[in-house]
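>>> Next come a sequence and a model predicted from it.
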Number of protein chains: 2
Amino acid sequence: MVKEFKIPDATIERVALYLRPLEGLMERNIRVVSSEKLADMCNVNPAQVRKDLSFFGEFGVRGVGYEVNDLLREIKRILASDREWRLGIVGLDDMGMALVQHKDFQQRGYRFIAAFDSDSRKIGKSLPNGLVIQPLSMIKQAAKELRIEIGVITTDAVEAQRVADLFFEAGIMAVLNFSPVHLRKPECCLVENVDFTLNLDHLAYELNRIG
Amino acid sequence: MVKEFKIPDATIERVALYLRPLEGLMERNIRVVSSEKLADMCNVNPAQVRKDLSFFGEFGVRGVGYEVNDLLREIKRILASDREWRLGIVGLDDMGMALVQHKDFQQRGYRFIAAFDSDSRKIGKSLPNGLVIQPLSMIKQAAKELRIEIGVITTDAVEAQRVADLFFEAGIMAVLNFSPVHLRKPECCLVENVDFTLNLDHLAYELNRIG
DNA sequence: GCCTGTGAATCCATTCACAGCT
DNA sequence: AGCTGTGAATGGATTCACAGGC
């Protein structure tokens, strides 16, 4: 019984956050969790957890809590992360290599199915997962044939926009951007930026405050 | 003339976001920027930019805009990112290696000055930046001697808490955590979590919504 | 008794709109 | 004329507090 009104963005973000702790509980064979316990594990308020979940239906049992397994399944369904997503990556220097091997991605159904690089010395090389690195000129064709859904960019600043444009032209609507530039994009497309320096800036700021 | 009342957290986060575009303008020798232009480059509202900056003083010139160079210096001062910060890292698999080589870190003054791993086969090896990988047992001593300020964790889930505890015991108050677990920490310490799957979850959710 | 689900209340953040300076 | 700086207005998001069901 999913409610019709629009879900707050903050809720979507937090609901994704709940996945990891829930997976942790599953592994420890803990069947039921209260909003208070789950909130603890995510540094949020218990009422927040309940309200977030209530946007999508009534998953809990009063006096008891939430069935971990059910909740996990529901959240994955809500986020559409209950299926495989097909990723293509451009840039196979250290960061790119780290990502294609990243275990969390595979476990969660995010699968790299194509890899590209502009460095001709890298073309034709095989990655540990069996992928062969292709030239950028193959992006369009590969995107169609392999049905790439999400593009990942780990190039330097200079190349990033060009690569993003290639992705968009190839019909890839979503990009995860690790490069240090703000990408221009068509209205319809989505870009998520990852920038660790923001996290470090925040730590630096707080460290400086507390003296 | 810094205002005394507390700065909203959201403002701190956005102010850090303004750094990259400003650096971009510097490189292109653009001296002055309006709140509207800067807002554009960060996908925020111009009034937001002005309000954010006004928390820290009056940096702009009415009728003109903000001096890029000044603004950059001011923001760095505010965030305390106008100096070097000393990082120690644990876990030198792909992700760890990618981070120690990450150019943005060095450019912004985030310097890795120690590296540790629990894998005995890695101990004693040198990294491209000259660091030698040490065993975890060296964390406490190295933290003191080298004055490590921020600890970076790229181990797997099993090791992460143990490493975090070692950091905290060694007097390191801030941790950047790439591992997929929620770290328990003393009241006084800071943890920032990095989790790319959250970004992918968000893209998946949106892709699914728009069909 | 215990814990969820949720309207109401509160708190915070964003945006508007315009006065004030150059 | 142009763009900042900011009180006031708006709009969201968080938290409270309790009714409702196990």
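Happy to help now that I have it. Residues are numbered from 1 along each chain as shown, chains lettered A, B, ... in the order given.

>>> Would you verify that A:Asn129 is located in a helix?
No: secondary structure assignment (DSSP: H, G, I helix; E, B strand; the rest coil) places A:Asn129 in coil, not in a helix.

>>> distance of it from chain B?
For A:Asn129, the distance to chain B under the criterion Cβ to the nearest Cβ, to the nearest Å works out to 12 Å. To be clear about C-beta, it is placed using only N, CA and C from the backbone, and glycine gets the same treatment.

>>> May I have the residues that are in contact with the residue nearest to that residue when sequence neighbours are not counted?
Counting by Cβ to Cβ, 6 or more residues apart in numbering or on different chains, the nearest residue to A:Asn129 once its immediate chain neighbours are dropped is A:Val100, at 6.0 Å. Contacts for A:Val100 were tallied using Cβ atoms under 8 Å, 6 or more residues apart in numbering or on different chains; they are A:Ile89, A:Leu92, A:Phe112, A:Ala115, A:Leu127, A:Pro128, A:Asn129, A:Leu131.

>>> Mark which of the residues you listed are buried, thanks.
Buried subset of the contacts of A:Val100 (neighbour count, 16 or more other Cβ atoms under 10 Å in any protein chain shown): A:Ile89, A:Leu92, A:Phe112, A:Ala115, A:Leu127, A:Leu131.

>>> Would you check that the fifth one makes contact with A:Met97?
When you say that, I think you mean A:Leu127. Yes: with the criterion set as Cβ atoms under 8 Å, A:Leu127 and A:Met97 qualify as a contacting pair; they are 7.4 Å apart.

>>> Please enumerate the shared neighbours of these two.
Here A:Leu127 and A:Met97 have no joint contacts, going by Cβ under 8 Å, 6+ apart.

>>> element containing A:Val191?
For A:Val191, the element it lies in under DSSP states H and E is strand A:190-193.

>>> what does the average pLDDT come to for that strand?
For strand A:190-193, the mean per-residue pLDDT is 96.

>>> just stretch A:59-69 next, same as before
Averaging the model's pLDDT scores along stretch A:59-69 yields 95.

>>> related to what we said a few turns ago, need the buried ones among the contacts of A:Val100 in CSV with pLDDT and distance to B:Asp201, can you?
Rendered in CSV, the data for the buried ones among the contacts of A:Val100 read as follows (pLDDT from 0 to 100; distance: Cβ to Cβ, whole Å):
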residue, pLDDT, distance to B:Asp201
A:Ile89, 98, 18
A:Leu92, 98, 24
A:Phe112, 98, 16
A:Ala115, 98, 22
A:Leu127, 96, 24
A:Leu131, 97, 23
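
>>> Taking the residues you listed, tell me the two that lie furthest apart.
Spanning the widest gap among the buried ones among the contacts of A:Val100 are A:Leu92 and A:Phe112, at 10.4 Å by Cβ to Cβ.

>>> Show the contacting residues for A:Asp94.
B:Asp94, B:Met97, B:Ala98, B:Gln101, B:His102.

>>> and A:Leu176, how far is that from A:Ala164?
11 Å (Cβ to Cβ, to the nearest Å).

>>> between these two, what contacts are shared?
Going by Cβ under 8 Å, 6+ apart, residues that sit against A:Leu176 and also against A:Ala164 are A:Gly151, A:Ile153.

>>> Which residue ranges make up the domains of chain A?
Per automatic domain parsing, the structural domains of chain A span A:9-77, A:85-197.

>>> which of those domains sits most buried?
When neighbours are counted by mean count of other Cβ atoms under 10 Å in any protein chain shown, the highest per-stretch mean among the domains of chain A falls to domain A:85-197, a mean of 18.

>>> can you tell me which of the contacts of A:Val100 lies nearest to DNA strand C?
The closest of the contacts of A:Val100 to DNA strand C turns out to be A:Ile89 (Cβ to the nearest atom of the strand; 31.1 Å).
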